[in-house]
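*Asks:* Below: sequence and its predicted model.
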Amino acid sequence: MTENGNFKRRVRARAAKTGESYTAARMHVLPRSANDALPEARRLRLAVAQTTHADDPRDTDKLRWSGQEMRLLMRQAREAGARLVHFPEGATSSPNKRIMSEIGPREIGPSDWRRFEWAVLREELDSTRRLARELGLWTVIGSVHPLTAPHRPHNSLYVVSDRGELVTRYDERLLSNTKISFMYTPGSIPVTFEVDGIRFGCSLGMECNFPEIFTEYERLDVHCVLFSSTGGTPANDSSFAAEVQGYAASNRYWVSFSILAHPGLAGPVSSGIVAPGGRWAAQCPADGTAAISLADIDDNPGDIARPWRRKARSGLYEPHRVAGDPRSDARDRF
């Protein structure tokens, strides 16, 4: 009896720590035979960041401050043992639609991207890339990515390796009405990359409103989706956070939720990491300050829910259905 009680306590402790369901946690704790051993879990320490909101890319001092703040958080993440740090949408600058409007600020119109201090942005990104190499830290950065005129820029996530190399870039695909009408060129493809055997997918902006983005990444076998956002409207709205919790639970993978911090605007929402069960494994302070939070994520090899849900979606139930519409049978009526 004591042994069984200890076993249950270990299962509950793991479930509380990882956010897994009791059943999934039990699969990790349960003793297994040598012929039925689980593959060893691959693990990685992930840092999620929230950086100070800056919306005027004409202001060189603010652009440089944003870069310095990112690099400070990168150093903190590495000191805490992080292998990868994940930053919000517009971590370098999240251009305000009214500031950028060529007929603004009272009216919103096409953005005048000549107002952006592109040379300063490039200097800050280069400094950040060099620090990633120095620290040996994978770094995912939200930034505007310029295209050749007359094309509008992309709203992007840069993925910088621990060698300081830009290995890929994700461009927001499903844009808001203002973004697609006046500001950005949409992206077209999902993006995945791998660090230490952990496979990541990227999402951005308001894409948490589109479940198909997250189910697509489940089909692409990711273990964690990195979702970066400004935080929604209003900035402390909790709906984005609730949506990513649901995707983590339904798709059985980790989700890193990185948003901008708004000084003086405390609220219920902050950056954090959601475990496959839908619970928060880590969260930054919800006080509007720049910060990081960390969690050790894994590929969850003992999870039985994810393969079962794939099987359930593959036509499993069709042979068991009654031919025709059973509601037309008089015997099924009250």
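*Replies:* Cool, got the structure. All figures in this text were calculated on a predicted structure; none of them were measured in a lab.
*Asks:* hey, let's count contacts and neighbours off CA atoms from now on
*Replies:* OK.
*Asks:* Setting the sequence-adjacent residues aside, check what's closest to Glu194.
*Replies:* Phe200 (6.0 Å; CA to CA, 6 or more residues apart in numbering).
*Asks:* Verify the contact between that neighbour and Leu226 for me.
*Replies:* Yes. Counting by CA atoms under 8 Å, Leu226 is a contact partner of Phe200 at 6.9 Å.
*Asks:* for the one helix or strand Ala249 maps to, packing partners?
*Replies:* Element membership for Ala249 (DSSP states H and E) is helix 239-251. In terms of contacts (3 or more CA pairs under 8 Å, 6 or more residues apart in numbering; DSSP states H and E), helix 239-251 is packed against helix 211-219, strand 254-259, strand 272-274.
*Asks:* Run through the helices of the stretch 51-200 of the chain in chain order.
*Replies:* All helices of the stretch 51-200 of the chain, identified by DSSP state H, counting those that start in this stretch, fall at 60-79, 97-100, 118-135, 177-178.
*Asks:* Provide a list of residue ranges in the stretch 201-334 of the chain with pLDDT below threshold.
*Replies:* 236, 324-334 (pLDDT under 70).
*Asks:* how about the strands in the stretch 1-150 of the chain?
*Replies:* Here the stretch 1-150 of the chain has its strands, by DSSP state E, counting those that start in this stretch, at 43-50, 84-86, 138-145.
*Asks:* what packs against the second one?
*Replies:* So the one you mean is strand 84-86. Right, strand 84-86 is packed against strand 43-50, strand 138-145 by 3+ CA pairs under 8 Å, 6+ apart.
*Asks:* that older thread, and the helices of the stretch 51-200 of the chain, which is most packed in?
*Replies:* Mean neighbour count (mean count of other CA atoms under 10 Å) peaks for helix 97-100 among these, with a mean of 21.
*Asks:* Name the residues that touch it?
*Replies:* Defining contact as CA atoms under 8 Å, 6 or more residues apart in numbering, one finds that helix 97-100 is touched by 56, 104-108, 110-113, 115, 178, 183.
*Asks:* same question, stretch 206-219
*Replies:* If you take CA under 8 Å, 6+ apart as the criterion, stretch 206-219 is touched by 172-176, 190, 201, 203, 225, 227, 229, 232, 240, 243-244, 247, 251, 253.
*Asks:* Of the residues you listed, just the buried ones, PyMOL syntax please.
*Replies:* Typed into PyMOL, the next command selects the buried ones out of those (criterion: 16 or more other CA atoms under 10 Å):
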select buried, resi 172+173+174+175+190+201+203+225+227+229+232+240+243+244+247+251+253
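*Asks:* before we move on, the earlier item: closest one to Ala15 out of the contacts of helix 97-100, please.
*Replies:* Thr178 (41.6 Å; CA to CA).
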